[in-house]
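# below is the sequence, then the predicted model.
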There are 2 protein chains.
Amino acid sequence: MSQRQSKSEAAGNRESERRRTILRAAIDVFARKGYHGCRIADVAREAGVAYGLVYHYFKNKDELLETVVETGWSGFVSRMRAVAEDESASLEQKVRGIADVAFEAYRVDPRAVKVLILEVARSPAGTQVVSRQQAFLDTIRMSAEMFARAQATGELRADLDPMLCASLLFGAIELGLTAFVSGLMEDRSPEALDRAKLQIAESFLRGVLPGAATPAEASWKQEKVSSGTRPKAGKRS
Amino acid sequence: MSQRQSKSEAAGNRESERRRTILRAAIDVFARKGYHGCRIADVAREAGVAYGLVYHYFKNKDELLETVVETGWSGFVSRMRAVAEDESASLEQKVRGIADVAFEAYRVDPRAVKVLILEVARSPAGTQVVSRQQAFLDTIRMSAEMFARAQATGELRADLDPMLCASLLFGAIELGLTAFVSGLMEDRSPEALDRAKLQIAESFLRGVLPGAATPAEASWKQEKVSSGTRPKAGKRS
DNA sequence: TCCCCGGCTGATTGGCGAATCAAGCAGCTG
DNA sequence: CAGCTGCTTGATTCGCCAATCAGCCGGGGA
């Protein structure tokens, strides 16, 4: 398949074939051993190229990860934004659409999603390159705005914090995908994926849409005192 | 797992003061810069002890993290298990209890929780020390069993996958806490924490308890075809 | 008083892996 | 053909940091 096309094919052909090979290898290796757990040599071997070539296309190891992440994440974000900001759709449709986007991404490229979940969502905040952490937080904020708008039109219960709604939704999606990534869900067929997606969207919606009764809340209000589940407080101090 | 301890623990065996100081410093430094982003020297400086002393109490850097994690996580797990396996409580009480345990842990020691979320929940699976990854997954499995039992007694909707319910609950809690850890929620007062905890538990319960009507599901069933939110499939490749 | 012993110190070492670089090699051009 | 250009190679370099170790210090026992 790699029919040595002359270097000057100019026309359109964006980034070189080699570069993409290396990027692909990086995704696979990062997914398998994690960013910190692998060496550049691993990526080079996986890609079948010389060690030094990686540095011809990428300034350093960090830029390699940055590129992997940026590529994958920006695709996800733009799809998500399209869904979240489509004013002709109901909140319910939007939530289902977001779940669609996330699970579709996993179906298409599970390893890339694994890298995103591992290295983006949870990069140690602190001094770390802020862009990664920030990208994730920005996405949640965007989603929070979507919930806030829905609240204004009465599509979302008024007593909920939009930011928390966003966290809930992404938490559910993320750990749902994690269940697949980590092997907790042993059935990874497309059908199982689809079922999971539906259950997540549906459960979430039932929880936050303005429904008729609020049984849980009602029963909680009179039970909270008698509940025997209060922890003793203080785990070690 | 402390085959290391020197013969000196004497009677009551209060682990050395120094050791605890170092552990505490490790939590703070790990929370600030991440495990990979810090040097042993940082921990030693934070603790105000000599570099070498860290190695007097811990075999190596990894055992230091292992100890931090094990201590914090085992406390959380045992509390959680007590809640999840208390047969006299309703599912609703258990779910609220689990949220209690998690948020209380955060209230007591936010930095420790941050380390747990960052380094345990999402350690790159691969070659990584399995015990961390495993601890997290085991907890979800335990919770899944709780949901399965609740399903048998009709306390949980029959059409839900227990494992996914567990993922949802933990995803919601984890990202809820992440919202605080990462600064997304600017109000971190105890009251705000409490509100968040309640919203999470309540939303989750509304979503999974067998409620009267199922508005979301009903409307979805007839809307799914006409929904305009279907992504085009294929993000790159 | 001196010596021993265990907690403690921090400069030194060794290895690992990121990043460099000088030299190959293929295709193109004159 | 000769010489240029720019992708490609992988051994070498270099800095960093985990882990070691030789020795210090202070208390308590003889």
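Noted; the coordinates are in hand.
# so A:Ala102 is in which element?
Counting by DSSP states H and E, the secondary-structure element that holds A:Ala102 is helix A:91-108.
# hmm, that helix in reach of chain B?
Yes: in terms of CB under 8 Å from any CB of the partner chain, part of helix A:91-108 sits within range of chain B, namely A:Glu92, A:Gln93, A:Lys94, A:Arg96, A:Gly97, A:Asp100, A:Val101, A:Glu104, A:Ala105, A:Val108. To be clear about C-beta, it is placed using only N, CA and C from the backbone, and glycine gets the same treatment.
# now stretch A:38-47
No: residues of stretch A:38-47 are not located near chain B by CB under 8 Å from any CB, the shortest gap being 8.7 Å.
# if we can go back for a sec, which one of the residues of helix A:91-108 next to chain B is nearest B:Ser78?
In terms of CB to CB, no member of the residues of helix A:91-108 next to chain B lies closer to B:Ser78 than A:Ala105, at 36.8 Å.
# tell me which residues touch the closest one, please.
Contact analysis of A:Ala105 by CB atoms under 8 Å, 6 or more residues apart in numbering or on different chains lists A:Gly72, A:Gly75, A:Phe76, A:Ala112, A:Val113, B:Lys235.
# roughly how far apart are it and B:Lys61?
Distance, A:Ala105 to B:Lys61, using CB to CB, to the nearest Å: 35 Å.
# show me what counts as buried in the helix holding A:Ala102.
Residues of helix A:91-108 classed as buried: A:91-108 (neighbour count, 16 or more other CB atoms under 10 Å in any protein chain shown).
# what is the nearest of the residues of helix A:91-108 next to chain B to A:Ala148?
Within the residues of helix A:91-108 next to chain B, distances to A:Ala148 taken as CB to CB reach their minimum at A:Lys94, with 12.8 Å.
# picking that back up, among the contacts of A:Ala105, name the ones in strands.
Taking DSSP state E as the definition of strands, the contacts of A:Ala105 contribute nothing to them.
# now the two most distant members of those residues.
Using CB to CB, the pair of these lying farthest apart is A:Gly75 and A:Val113, separated by 11.1 Å.
# neighbours of the residue of chain A found nearest DNA strand D, just the number please.
Shortest chain A-to-DNA strand D distance, computed as CB to the nearest atom of the strand: residue-wise this is A:Gly52, at 1.9 Å. Burial of A:Gly52, expressed as a neighbour count using other CB atoms under 10 Å in any protein chain shown, amounts to 9.
# now do A:Ser88
The burial count assigned to A:Ser88 is 6, neighbours taken as other CB under 10 Å.
# measure it to B:Met163 for me?
Noted for A:Ser88: a distance of 36 Å to B:Met163, by CB to CB.
# helix or strand with the lowest mean pLDDT in chain A?
helix A:215-223 (a mean of 44; mean pLDDT, DSSP states H and E).
# from what I see, A:Asp161 and B:Leu193 are in contact.
No: with contact defined as CB atoms under 8 Å, A:Asp161 does not count as touching B:Leu193 (11.9 Å).
# ok, A:Phe147 touching A:Cys165?
Yes: A:Phe147 is in contact with A:Cys165 according to CB under 8 Å; the separation is 4.4 Å.
# common neighbours of these two, please.
Shared contacts of A:Phe147 and A:Cys165, defined by CB under 8 Å, 6+ apart, are found at A:Leu156.
# Serialize the residues of helix A:91-108 next to chain B to CSV and add fields for pLDDT and distance to DNA strand D.
Output for these, formatted as CSV (pLDDT from 0 to 100; distance: CB to the nearest atom of the strand, whole Å):
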residue, pLDDT, distance to DNA strand D
A:Glu92, 96, 49
A:Gln93, 97, 45
A:Lys94, 98, 43
A:Arg96, 98, 43
A:Gly97, 98, 40
A:Asp100, 98, 37
A:Val101, 98, 34
A:Glu104, 97, 32
A:Ala105, 97, 29
A:Val108, 96, 27
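# quick check, stretch A:193-211 touching chain B?
Yes: between stretch A:193-211 and chain B, judged by CB under 8 Å from any CB, the touching residues are A:195-196, A:199-200, A:202-209, A:211.
# check which residues of that stretch are buried.
In stretch A:193-211, counting by 16+ other CB under 10 Å, buried: A:193, A:195-209, A:211.
# render the CA-only coordinates of it in PDB, please.
The C-alpha coordinates for stretch A:193-211 follow below in PDB (Å, rounded to 0.1, in the frame of the first residue of the first chain):
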ATOM      1  CA  LEU A 193     -22.200  -0.500  22.800                       C
ATOM      2  CA  ASP A 194     -25.500   0.700  21.600                       C
ATOM      3  CA  ARG A 195     -27.400  -0.600  24.500                       C
ATOM      4  CA  ALA A 196     -24.900   1.100  26.900                       C
ATOM      5  CA  LYS A 197     -25.300   4.300  25.100                       C
ATOM      6  CA  LEU A 198     -29.000   4.200  25.300                       C
ATOM      7  CA  GLN A 199     -29.000   3.300  29.000                       C
ATOM      8  CA  ILE A 200     -26.700   6.100  29.800                       C
ATOM      9  CA  ALA A 201     -28.600   8.700  27.900                       C
ATOM     10  CA  GLU A 202     -32.000   7.500  29.200                       C
ATOM     11  CA  SER A 203     -31.000   7.200  32.800                       C
ATOM     12  CA  PHE A 204     -29.400  10.600  32.700                       C
ATOM     13  CA  LEU A 205     -32.400  12.200  31.100                       C
ATOM     14  CA  ARG A 206     -34.900  10.600  33.500                       C
ATOM     15  CA  GLY A 207     -32.700  12.100  36.300                       C
ATOM     16  CA  VAL A 208     -32.600  15.700  35.100                       C
ATOM     17  CA  LEU A 209     -35.700  16.300  32.900                       C
ATOM     18  CA  PRO A 210     -38.500  18.100  34.600                       C
ATOM     19  CA  GLY A 211     -40.700  15.000  35.400                       C
END
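# now do the SS call for A:Met185.
Assigned with DSSP: H, G, I helix; E, B strand; the rest coil, A:Met185 falls in the coil class.
# ok, the closest residue to it other than its chain neighbours to B:Asp86 distance?
Ranked by CB to CB, 6 or more residues apart in numbering or on different chains and with sequence neighbours excluded, the top spatial neighbour of A:Met185 is A:Ala179, at 4.8 Å. As for A:Ala179, its distance to B:Asp86 is 25 Å (criterion: CB to CB).
# and for A:Leu205?
Computed with CB to CB, the distance linking A:Leu205 and B:Asp86 is 30 Å.
# now A:Glu66
Computed as CB to CB, the A:Glu66 to B:Asp86 distance reads 47 Å.
# swap in A:Ala99?
In this structure, A:Ala99 and B:Asp86 are 33 Å apart, going by CB to CB.
# show me where pLDDT drops low in chain A?
Scanning chain A for pLDDT under 70 picks out the ranges A:1-14, A:121-130, A:212-237.
# let's see it at 80
Under the criterion pLDDT under 80, the flagged ranges of chain A are A:1-15, A:120-133, A:211-237.
# show me what from it comes close to DNA strand D.
Proximity of chain A to DNA strand D, by CB under 7 Å from any atom of the strand, involves residues A:Lys7, A:Ser16, A:Arg18, A:Val49, A:Ala50, A:Tyr51, A:Gly52, A:Leu53, A:Tyr55, A:His56.
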